[in-house]
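# Based on what follows, work out the 3D shape:
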Amino acid sequence: MCREFKAKSNVDQVVVLWTANTERYSDVIVGLNDTKDNLFKSLDRGESEISPSTLYAMACIHEKVPFINGSPQNTFVPGVIEYAILEDSLIGGDDFKSGQTKMKSVLVDFLVGAGIKPTSIVSYNHLGNNDGMNLSAPQTFRSKEISKSNVVDDMVASNAILYKQGEHPDHVVVIKYVPYVGDSKRAMDEYTSEIFMGGKNTIVMHNTCEDSLLAAPLILDLVILAELLTRIQMKQDQEDKFHSFHPVASLLSYLTKAPLVPPGTPVINALAKQRAMLENVFRACVGLSPENNMLMEYK
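You can find the predicted model right below:
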């Protein structure tokens, strides 16, 4: 597929980005998709648990073509991640971060950072496009629910004064299919927080999100950024040779709801931190020092 397209189109580089319907979450099963070898054996057996998007990802890794998952399902099962690392082939995702989730990652970061404790976050959506129809099925909705719900985890964990170990705000996500509204997704959020002296604070937001128009620029940015990352090399002072970034491209996290990161590394969802990471990488590429906002020269 990639080889043929590249030859016919006479292009230097191909980047594949998955924008098809949300798939159901794949079960991660020992002996089936938990390692690269098991995944390939399962492929030979025609196991139904291997999703179409996972097949596309495997094909792209084989061809050393960057693959980005723009949908919420777990395309990158452990066997795929292991395969990408072994082949040093870029993968990134998951799920475009375009509207409600982007607002949530900013607002919760602000609240927690200000010492205001979110205790209940309820997000309701209705839309009438093909995505909405597909997400009306319980199995595919579960994929979206997971990608939208995990966005506050690192911000909650960052403040051990507000939240005891294991404590977490109640977080509910609802998506309904309403054909009449089409692509104009309605997103309503209610944030209830504990404040000084046992008080309660509630913020309610209503957002009409043009689903496709918000997602289309992210597609362009993700493809451009992924291609750029394949051309950047770096090394530490003690290293002899330059090398590429880790093939699991956490640098794409600014544009995704559920950032894919290398195994064992922290997931950052706070939008300002994600943007600062990108900005500082770009500054390094042109020989500038990272920006830390201390401005000590003016203090």
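
# and Ser147, how many neighbours?
26 (other Cβ atoms under 10 Å). Glycine gets a C-beta too; all of them are placed from N, C-alpha and C.

# Could you do the one 5 residues further on as well?
Residues contacting Val152 under the criterion other Cβ under 10 Å number 24.

# how about it, phi and psi?
phi -100, psi 0 (degrees, to the nearest 10).

# ok, now Ser120?
Per degrees, to the nearest 10, the backbone of Ser120 is at phi -150, psi 120.

# I figured it was touching Asp189, is that so?
No. In terms of Cβ atoms under 8 Å, Ser120 does not count as a neighbour of Asp189; the distance is 10.8 Å.

# Of the two, give the one with the bigger neighbour count.
Asp189 (19 against 15).

# Give me the nearest residue to that one, chain neighbours excluded.
Met205 (4.6 Å; Cβ to Cβ, 6 or more residues apart in numbering).

# for Leu162, same thing?
Using Cβ to Cβ, 6+ apart, the closest residue to Leu162 is Lys117 (4.6 Å).

# So in terms of bridging, what pairs with the one you found?
Taking DSSP bridges as the rule, Lys117 bridges to Glu194.

# give me every residue that touches Asp131.
Asn21, Thr22, Asp211 (Cβ atoms under 8 Å, 6 or more residues apart in numbering).

# Closest to Pro263 out of these?
Comparing the contacts of Asp131 against Pro263 with Cβ to Cβ places Thr22 closest, at 24.2 Å.

# Can you report how many residues lie near the closest one?
With other Cβ under 10 Å as criterion, Thr22 counts 22.

# my read: it touches Lys144, true?
Yes. With contact defined as Cβ under 8 Å, Thr22 counts as touching Lys144 (6.1 Å).

# what's the overlap in contacts for the two?
Pro72, Leu135.

# What is the least confident helix or strand in the protein?
helix 138-149 (a mean of 74; mean pLDDT, DSSP states H and E).

# buried residues in the following helix or strand past it?
Following helix 138-149 in sequence order, the next helix or strand is helix 153-157 (DSSP states H and E). If you call a residue buried by 16 or more other Cβ atoms under 10 Å, then helix 153-157 has these buried ones: Asp154, Met155, Val156.

# quick one: contacts of helix 153-157?
Against helix 153-157 from outside (Cβ under 8 Å, 6+ apart): 105, 108-109, 112, 118, 162-163, 167-169, 266-270.

# Only the buried subset of those, as a ChimeraX command please.
The following ChimeraX line selects those of the contacts of helix 153-157 that are buried, judged by 16+ other Cβ under 10 Å:
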select :105,108,109,112,118,162,163,169,268,269,270
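
# Give the residue spans of the stretch 1-150 of the chain that score low on pLDDT.
In the prediction, the stretch 1-150 of the chain carries no residues with pLDDT under 70.

# could you pull out the helices for the chain?
2-9, 36-45, 52-62, 78-87, 100-113, 130-135, 138-149, 153-157, 211-229, 271-285 (DSSP state H).

# Check the offset of the shortest one from the chain's centre.
When you say that, I think you mean helix 153-157. Taking Cα atoms, centre = their mean, to the nearest Å, one finds the center of helix 153-157 at 16 Å from the center of the full chain.

# For it, give the mean pLDDT please.
Averaging pLDDT along helix 153-157 yields 88.

# Return that helix as CSV; C-alpha atoms alone will do.
What follows is helix 153-157, C-alpha atoms only, in CSV (Å, rounded to 0.1, in the frame of the first residue of the first chain):
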residue,chain,number,x,y,z
ASP,A,153,-5.1,12.1,35.7
ASP,A,154,-1.7,13.7,35.7
MET,A,155,-3.0,17.1,36.9
VAL,A,156,-4.8,15.4,39.9
ALA,A,157,-1.7,13.5,40.7
